[in-house]
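Asker: sequence isn't available, so here's the structure alone:
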C-alpha cells in the first residue's frame, strides 16, 4: 500500500506537487495519468525517497521507503531504465543489486527468464535497445519479489508482444494481492490494464477512482438509435426525460436514458428499431477533457507549414 498525506514539493518558486493525498490499495492496478510537467515523476521520486517532500508524508507498506530494512523486498521500481552502468552485463547488474539484500543468484536467473533477457543476459547494457532496457528495468524491480511495484512508463519502447507481456504481468501481480502503481501515456493500454485511476494536473489531483467512474464523471453514457419512426420515438423519449439530438432523419443520439429503457418504450408502442447501441466515452476522451486546463506544453494544431522559397519543394 502507498499512502500520501498533504504531499507537497517546491523547487524555488515552482510548485511541482501541491498538497496531494491519496491511497494506492493492494490487489489492484492503479494507473497514474497526467500531462508532461503535471508532477507524476516528482510524486514517484518522493515515494521512493529520491526527492524529499517540502511538506507532507508518503509511506509504502506503512513506512517511508528509507526506513525499510530491506527495501528491495518491499518496493520494486522502474523510474529510469537508463539508470544502469552501461559497461556491465544485465546479469552483472542484477547480481550486484541482489548482493545488497542477500538475494540468491537463483532469483537473478528467475527474473532474467521472466523478462525474456536470457539470450542477452551476458551482453553489455550499453548495447541494449530501448525495449530490452525496459525489460531489464522490470527485472530489477521484480528482483526482491516485492509487495509493491512502481512502474513509470513500463511499455515504453516495447513491441506489441512486450506490451501484452507487461499487461499480463501487472494483472497477475495485482491478482496475487500486490500493490501496482504505474504511469503511461498510452490511454488504450491503461484502459485495458488499470482498475483504478489517479489523474494529476499542475501538481494537483484532478480525478481519482475506478476507471469507468472517472470516465462517466466527465462524459455520460449515450445511446444511438435508428428507426423509420424516429420522430415519433423522439417525442416519447423526451417525455420520458431523455435528451434527444438528431444527426440524420432516422438517427437519434440520446442521453439521460439507458438502452434497456429505449427498447422497452419502442416495444410498447410497436416502433421498429434498426439500431440500438449503448455508447461510452473512451478513456482518452475523458482524459483530454479532464486535463484540458492542465496542459503545460500545448501544440498549435492550426499552425501551417512554412512556405518554401520559390523553386523549392516543401
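Answerer: Looks like it arrived, so ask away. Being a predicted model, the structure only gives us computed values, none of them experimental.
Asker: outline the domain layout of the chain.
Answerer: Following automatic domain parsing, one finds the domains of the chain at 2-210, 220-280.
Asker: check these for me and report the most buried one.
Answerer: Most buried of the domains of the chain, by mean neighbour count (mean count of other C-beta atoms under 10 Å): domain 2-210, with a mean of 18. The C-beta positions use only the backbone N, C-alpha and C, and glycine is treated the same way.
Asker: can you map out the strands along this structure?
Answerer: Assigned by DSSP state E, the strands in the chain fall at 2-11, 14-24, 28-33, 55-60, 75-78, 148-152, 179-183, 196-201, 204-210, 222-226, 243-248, 251-255, 275-279.
Asker: how about those strands in TSV, adding distance to residue 47 and mean pLDDT?
Answerer: Formatted as TSV, the strands of the chain follow (distance: least, C-beta to C-beta, whole Å; pLDDT from 0 to 100):
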stretch	distance to residue 47	mean pLDDT
strand 2-11	6	97
strand 14-24	9	95
strand 28-33	10	96
strand 55-60	5	96
strand 75-78	8	94
strand 148-152	6	95
strand 179-183	8	95
strand 196-201	12	95
strand 204-210	15	94
strand 222-226	38	92
strand 243-248	43	88
strand 251-255	40	91
strand 275-279	37	90
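Asker: turn these into JSON lines, including distance to residue 116.
Answerer: Shown next, in JSON lines, are the strands of the chain (distance: least, C-beta to C-beta, whole Å):
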{"stretch": "strand 2-11", "distance to residue 116": "28"}
{"stretch": "strand 14-24", "distance to residue 116": "27"}
{"stretch": "strand 28-33", "distance to residue 116": "21"}
{"stretch": "strand 55-60", "distance to residue 116": "28"}
{"stretch": "strand 75-78", "distance to residue 116": "15"}
{"stretch": "strand 148-152", "distance to residue 116": "16"}
{"stretch": "strand 179-183", "distance to residue 116": "19"}
{"stretch": "strand 196-201", "distance to residue 116": "28"}
{"stretch": "strand 204-210", "distance to residue 116": "32"}
{"stretch": "strand 222-226", "distance to residue 116": "42"}
{"stretch": "strand 243-248", "distance to residue 116": "48"}
{"stretch": "strand 251-255", "distance to residue 116": "46"}
{"stretch": "strand 275-279", "distance to residue 116": "39"}
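Asker: as CSV, the domains of the chain with distance to residue 289 would be great.
Answerer: Formatted as CSV, the entries for the domains of the chain read as follows, by distance: least, C-beta to C-beta, whole Å:
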stretch, distance to residue 289
domain 2-210, 10
domain 220-280, 12
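Asker: residue 294: which of these is closest?
Answerer: Closest approach to residue 294 among the domains of the chain is made by domain 2-210 (2.7 Å; C-beta to C-beta).
Asker: from residue 109, how far off is residue 121?
Answerer: Distance check for residue 121 against residue 109: by C-beta to C-beta, to the nearest Å, it reads 9 Å.
Asker: and residue 171, what does it touch?
Answerer: By C-beta atoms under 8 Å, 6 or more residues apart in numbering, residue 171 lies in contact with 29, 193.
Asker: one more time with 10 Å, if that's ok
Answerer: Applying C-beta atoms under 10 Å, 6 or more residues apart in numbering to residue 171 gives the contacts 28-29, 180, 192-195.
Asker: what of residue 32?
Answerer: Contacts for residue 32 (C-beta under 10 Å, 6+ apart) come out as 22, 24, 38, 40-41, 43-44, 150-152, 181-184, 190, 194, 196-200.
Asker: same check on residue 23?
Answerer: Contact analysis of residue 23 by C-beta under 10 Å, 6+ apart lists 1-5, 30, 179, 198, 208.
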